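Peer 1: Sharing a model prediction with you, sequence too.
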Amino acid sequence: MAVAVLSPTNLLKPRTERVIAALDVGTSRVAALIAMADGDNAPRVIGAGVRACNGVRRGLVADMERTETAIRAAMMQAEKAAGLQIESVLVNLSAGGLRSEIASVEIDIAGHRIAEDDMAALLAAGRQRIDGDIARAGRSTLHAEPTLYTVDGLDGVTNPRGFHADRLAVDIHVLTAATPPCRNLDLAVRNAHLGVESIVASGVACSAAVLNDEERELGVALVEIGAGITTVAVHGGGMLAGLASIAMGSGDITADIAATFATRRAAAERLKTLNGAATSSPRDNHDMIEVPPLDPDDGQEPRRVPRAELIAVIRARLDLLFGEVSDALNDLGFTGIAGRQVVITGGGAELRGLADFAQGALNRTVRIGRPRGLVGLPEAQAGAGFSTLAGLILHGSVSRVDLARNAIHLPGTTPEARTGLGRLFAMLKKQI
Ligand SMILES: Nc1ncnc2c1ncn2[C@@H]1O[C@H](COP(=O)(O)OP(=O)(O)OP(=O)(O)O)[C@@H](O)[C@H]1O
Ligand SMILES: [Mg+2]
């Protein structure tokens, strides 16, 4: 949807703004964001919505109905604030065997100057390669972005147009996932009467909102701790170099607290966020906290336990989690001088003292990353748990060559579900 806007700074040159809508389908909740973007300035948030959801397990859609209900509710809240109806969204995928690799393709130029036709032929060869190899392996391509070119063996060329050459090659950065998780996510969104513009790997979206160019150039690892999944995205030389997903998250800390102190999950969640921490101090042995009984109607009194006991349970799970993060970083080659800086985000990063804990556990420099780059992000969506959501908008606001565009097709998708009117009809039908 394009809207011409006139403001005092651009009175001479009307700019076109586009609506971008994003959905973060997470293990603990679904969040929606709507923004206006003109391609030059920071996108402007005009609506946001959040709905708790227990239809997603470890980042994968496990209950279609619950997930689509939460998607609909979160998006309707955002649409109400924005005052418009959304037709299609960018949505994230954080699990499902995400893999990042480089595919190289080469064509013959026969000594002439490289022209647009050659560039188009090279990208067509790239698309053919991706459609062939990856589709044959039964995987779906989320992104396939041409990166650096090689002209007659000279690599690292950013723009080869105009060069005389015999051979022209390009490295294509390809991100793939197992097909069933993509289809299930696609289906959940479409069942909520929204079209899927593109499925973006969480690590890619999150990086767009949290990392700066210098970090990406020098080398940085982004660790997003969600409720059920922790994703690791390693960058170097300005590019994403590798991805890993760990099936553990902050929800496991909650589950451990609930099991250890025999209390309900909701009470354990409150203990974690209000009284919990990743670092301890001698005072924690004297600070007593109240643990509500499992069944409050049973006449049982709340128990009082030293805060140190709560922190011990939290740290035991964090030891396990950061052991896996450390292994993933080493497996991805995030070592040496370029492997020193780690940024932690996701709702789990909001735990008190987490940066200090992580710094010790990983023996690297750690900062907590929160979303930036958007104007007007509401306070409730400004925390580390909303980095991926903000990143989806930023990812969608930049135009790029993506050879995987429209790579995800779902058989049986009704064309009218993609239009605003079709969506309205579909919703009415569902209510009858
Ligand atoms: N202040 C806080 N202290 C500790 N933990 C917190 C805090 N705020 C949020 N969390 C935890 O963060 C988790 C939610 O994070 P997030 O919203 O990033 O996950 P998600 O996207 O729903 O799940 P996933 O990405 O794993 O599918 C919950 O487990 C929640 O308890
Ligand atoms: Mg998440």
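Peer 2: Right, received. Where do you want to start? Ligands and ions are numbered 1, 2, ... in the order given.
Peer 1: drop to CA atoms for contacts and neighbour counts, all remaining ones
Peer 2: Fine.
Peer 1: ok, how many other residues are close to the residue in the stretch 151-300 of the chain that ligand 2 sits nearest to?
Peer 2: Nearest residue of the stretch 151-300 of the chain to ligand 2 (CA to the ion) works out as Gly226 at 4.8 Å. Residues lying near Gly226 (other CA atoms under 10 Å) number 26.
Peer 1: Then the one 5 residues further on?
Peer 2: Burial measure for Thr231: 27 neighbouring residues, criterion other CA under 10 Å.
Peer 1: How about the secondary structure of it?
Peer 2: Of the three states, Thr231 takes strand under DSSP: H, G, I helix; E, B strand; the rest coil.
Peer 1: Does it touch Gly249 like I think?
Peer 2: No - counting by CA atoms under 8 Å, Thr231 sits too far from Gly249 to count as a contact (9.4 Å).
Peer 1: Look up the residues that both of these two are in contact with.
Peer 2: Common contact partners of Thr231 and Gly249 (CA atoms under 8 Å, 6 or more residues apart in numbering): Ile225.
Peer 1: Which stretches in the stretch 1-150 of the chain count as strands?
Peer 2: Under the criterion DSSP state E, counting those that start in this stretch, the stretch 1-150 of the chain contains strands at 2-5, 15-25, 29-37, 44-52, 56-57, 60-61, 88-93, 99-108, 139-151.
Peer 1: Run the chain-centre distance for the third one.
Peer 2: It stands for strand 29-37. 13 Å (CA atoms, centre = their mean, to the nearest Å).
Peer 1: Name the residues that touch it?
Peer 2: Residues outside strand 29-37 that contact it (CA under 8 Å, 6+ apart) are 17-25, 43-54, 70-71, 74-75, 78-79, 82, 389-390, 393, 397.
Peer 1: hmm, try it at 7 Å
Peer 2: If you take CA atoms under 7 Å, 6 or more residues apart in numbering as the criterion, strand 29-37 is touched by 17-25, 43-53, 70-71, 74-75, 78, 389, 397.
Peer 1: Show me how to select, in PyMOL, the buried members of these.
Peer 2: To isolate the buried ones among the contacts of strand 29-37 in PyMOL, judged by 16 or more other CA atoms under 10 Å, type:
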select buried, resi 17+18+19+20+21+22+23+24+25+43+44+45+46+47+48+49+50+51+52+53+70+71+74+75+78+389+397
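Peer 1: Might you enumerate the residues of the stretch 51-200 of the chain proximal to ligand 1?
Peer 2: With CA under 6 Å from any ligand atom as the criterion, the stretch 51-200 of the chain meets ligand 1 at residues 58-59.
Peer 1: go again using 8 Å as the cut-off
Peer 2: Taking CA under 8 Å from any ligand atom, the part of the stretch 51-200 of the chain that reaches ligand 1 is made up of 56-60, 94.
Peer 1: May I ask which of those has the most neighbours?
Peer 2: Within those, most neighbours by other CA under 10 Å means Ser94, with 31 neighbours.
Peer 1: Tell me, how many residues neighbour the closest residue to Val174 other than its chain neighbours?
Peer 2: Leaving aside its sequence neighbours, Val174 sits nearest to Ala144 (CA to CA, 6 or more residues apart in numbering; 4.3 Å). Counted by other CA under 10 Å, the residues lying close to Ala144 total 25.
Peer 1: Then Asp402?
Peer 2: Asp402 has 18 neighbouring residues, counting by other CA under 10 Å.
Peer 1: Does the helix or strand containing Leu222 reach ligand 1?
Peer 2: Take DSSP states H and E as the rule and Leu222 turns out to sit in strand 220-225. Yes - for strand 220-225 and ligand 1, the contact criterion (CA under 8 Å from any ligand atom) is met by 224-225.
Peer 1: Report the secondary structure state of Val342.
Peer 2: strand.
Peer 1: I'd assumed Leu218 was in contact with it.
Peer 2: No - applying CA atoms under 7 Å as the test, Val342 and Leu218 come out as separate, 11.6 Å apart.
Peer 1: Reformat the strands of the stretch 1-150 of the chain as CSV; add distance to Leu332.
Peer 2: Below are those laid out as CSV (distance: least, CA to CA, whole Å):
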stretch, distance to Leu332
strand 2-5, 41
strand 15-25, 26
strand 29-37, 29
strand 44-52, 33
strand 56-57, 25
strand 60-61, 23
strand 88-93, 20
strand 99-108, 11
strand 139-151, 19
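Peer 1: With distance to Asn275 and mean pLDDT as new columns, can those be given to me in a markdown table?
Peer 2: A markdown table is the format used below for the strands of the stretch 1-150 of the chain (distance: least, CA to CA, whole Å; pLDDT from 0 to 100):
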| stretch | distance to Asn275 | mean pLDDT |
| --- | --- | --- |
| strand 2-5 | 47 | 45 |
| strand 15-25 | 28 | 92 |
| strand 29-37 | 22 | 97 |
| strand 44-52 | 22 | 98 |
| strand 56-57 | 26 | 95 |
| strand 60-61 | 30 | 95 |
| strand 88-93 | 31 | 97 |
| strand 99-108 | 37 | 91 |
| strand 139-151 | 40 | 90 |
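Peer 1: my read: the residue of the stretch 151-300 of the chain closest to ligand 2 touches Thr345, true?
Peer 2: No - if you go by CA under 7 Å, Gly226 and Thr345 don't touch, sitting 8.4 Å apart.
Peer 1: Quickly list what's touching both of the two.
Peer 2: Common contact partners of Gly226 and Thr345 (CA under 7 Å, 6+ apart): none.
Peer 1: Enumerate every residue touching Ala255.
Peer 2: By CA under 7 Å, 6+ apart, the contact list for Ala255 reads Arg265.
Peer 1: In what element of secondary structure is it found?
Peer 2: Element membership for Ala255, per DSSP H and E: helix 250-260.
Peer 1: Give the rounded mean pLDDT of the next helix or strand after that helix.
Peer 2: Tracing the chain past helix 250-260, the next element assigned as helix or strand by DSSP H and E is helix 265-270. Helix 265-270 shows a mean pLDDT of 97.
Peer 1: so what's Leu332 up against?
Peer 2: Taking CA under 7 Å, 6+ apart, we find Leu332 in contact with Gly242.
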